[in-house]
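Novice: have a look at this prediction, sequence included:
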Amino acid sequence: MLERFRAFWTKLLSPIAKLFIRLGITADAVTLVGTLGVCTGALVFFPQGKLLAGVLFITAFVFSDLIDGHMSRLTGKTNRFGAFLDSTLDRIGDGAIFGGLALYFAGPGDSRLYLWLALICLVMGSVTSYARAKAEGMGYHAKVGIAERSDRLVSILVMTGLGAIFDLPILMEITLWALAIASTVTVLQRVWTVRQQAYAEAAQQG
């Protein structure tokens, strides 16, 4: 998350990472606690209509995604399991955020349309990540598209928070429309990119 500002935030959070290391806390533990925090904020506060509280709570744990990786690099204990765990739990956190918004629209938000949009964002966001992972597992590249994970999550959290502060729910609603469209386009872009590579490979073999 926060890819565009990773260097800045990593430097800022470095003292916290070093403190955790001195306390004997592992990077995997930080990853797990961060995901639990994100899920709690999304699935406890959002369904109750406490959008700003949910965003603030989630944001406090979002930075674990930077801290755990930095801890691994500082200790030299990077391993493939840590990367696998981080990626897997990211999917759970993403799903919790949009799932929590769906529950909000099913309850106090009272909008079937935006409930469906939140679910579309949830599903297509997951497929976006899966398509890239599957492509790379097959030896292709698929890091293309207009809606990277960090873009999706930062935009929905910022717009949901601002909408709650200024009582402008339209900010979150417009963002859901944009993300639903962008995520769908990104999936299509990745499918097309892999298709081109696969057909080019088949032509060379033929």
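Specialist: Good, I have the coordinates.
Novice: low-confidence ranges in the protein?
Specialist: Scanning the chain with the threshold set as pLDDT under 70 gives 1-6, 9, 206.
Novice: the same query, at a cut-off of 50, please.
Specialist: Across the chain, the ranges flagged by pLDDT under 50 are 1-2.
Novice: and the strands in it?
Specialist: Counting by DSSP state E, the chain has no strands to list.
Novice: in the lengthiest helix in it, what's buried?
Specialist: Longest helix of the chain, by residue count under DSSP state H: helix 170-205. Under the neighbour-count criterion of 16 or more other CB atoms under 10 Å, helix 170-205 has 171-173, 175-176, 178-184, 186-187, 189-190, 193-194, 197 buried. Heads up, the C-betas are built off the backbone N, CA and C, glycines and all.
Novice: list the helices and strands that helix packs on?
Specialist: helix 112-137, helix 149-165 (3 or more CB pairs under 8 Å, 6 or more residues apart in numbering; DSSP states H and E).
Novice: go through the ones you listed and name the closest to residue 19.
Specialist: For the helices and strands packed on helix 170-205, the distance to residue 19 is smallest for helix 149-165, at 25.2 Å, taking CB to CB.
Novice: follow-up on the earlier one: Throw the helices and strands packed on helix 170-205 into JSON lines and include distance to residue 37 and mean neighbour count, thanks.
Specialist: Formatted as JSON lines, the helices and strands packed on helix 170-205 follow (distance: least, CB to CB, whole Å; neighbours: other CB atoms under 10 Å):
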{"stretch": "helix 112-137", "distance to residue 37": "19", "mean neighbour count": "18"}
{"stretch": "helix 149-165", "distance to residue 37": "13", "mean neighbour count": "19"}
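Novice: mind listing what the residue nearest to residue 184 when sequence neighbours are not counted touches?
Specialist: With sequence-adjacent residues excluded and distances taken as CB to CB, 6 or more residues apart in numbering, residue 184 is closest to residue 124, at 5.2 Å. Shown in contact with residue 124 (CB atoms under 8 Å, 6 or more residues apart in numbering): 180, 183, 184, 186, 187.
Novice: save those as JSON lines, and put in distance to residue 99 too.
Specialist: Shown next, in JSON lines, are these (distance: CB to CB, whole Å):
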{"residue": "180", "distance to residue 99": "15"}
{"residue": "183", "distance to residue 99": "15"}
{"residue": "184", "distance to residue 99": "18"}
{"residue": "186", "distance to residue 99": "20"}
{"residue": "187", "distance to residue 99": "19"}
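Novice: if we take those residues, which one ends up nearest to residue 11?
Specialist: Looking across those and measuring by CB to CB, the closest to residue 11 is residue 186, at 29.7 Å.
Novice: just checking, that closest one touches residue 145?
Specialist: Yes - proximity of residue 186 to residue 145 meets the contact threshold set by CB atoms under 8 Å, at 3.2 Å.
Novice: any residues in contact with both of these two?
Specialist: Common neighbours of residue 186 and residue 145 (CB under 8 Å, 6+ apart) are residue 128.
Novice: distance between stretch 122-136 and the chain's centre?
Specialist: Its chain's C-alpha centre and that of stretch 122-136 lie 12 Å apart, by CA atoms, centre = their mean, to the nearest Å.
Novice: would you mind writing the CA trace of it as CSV?
Specialist: Extracted as CSV, the C-alpha positions of stretch 122-136 are listed here (Å, rounded to 0.1, in the frame of the first residue of the first chain):
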residue,chain,number,x,y,z
LEU,A,122,-14.4,-6.1,-3.8
VAL,A,123,-14.6,-8.9,-6.5
MET,A,124,-12.8,-7.0,-9.3
GLY,A,125,-10.1,-5.9,-6.9
SER,A,126,-9.5,-9.5,-5.9
VAL,A,127,-9.5,-10.6,-9.5
THR,A,128,-7.0,-7.8,-10.4
SER,A,129,-4.5,-9.2,-7.9
TYR,A,130,-5.2,-12.8,-8.9
ALA,A,131,-4.8,-12.1,-12.6
ARG,A,132,-1.3,-10.7,-12.0
ALA,A,133,-0.3,-13.4,-9.6
LYS,A,134,-1.5,-16.2,-12.0
ALA,A,135,0.2,-14.5,-15.0
GLU,A,136,3.5,-14.3,-13.2
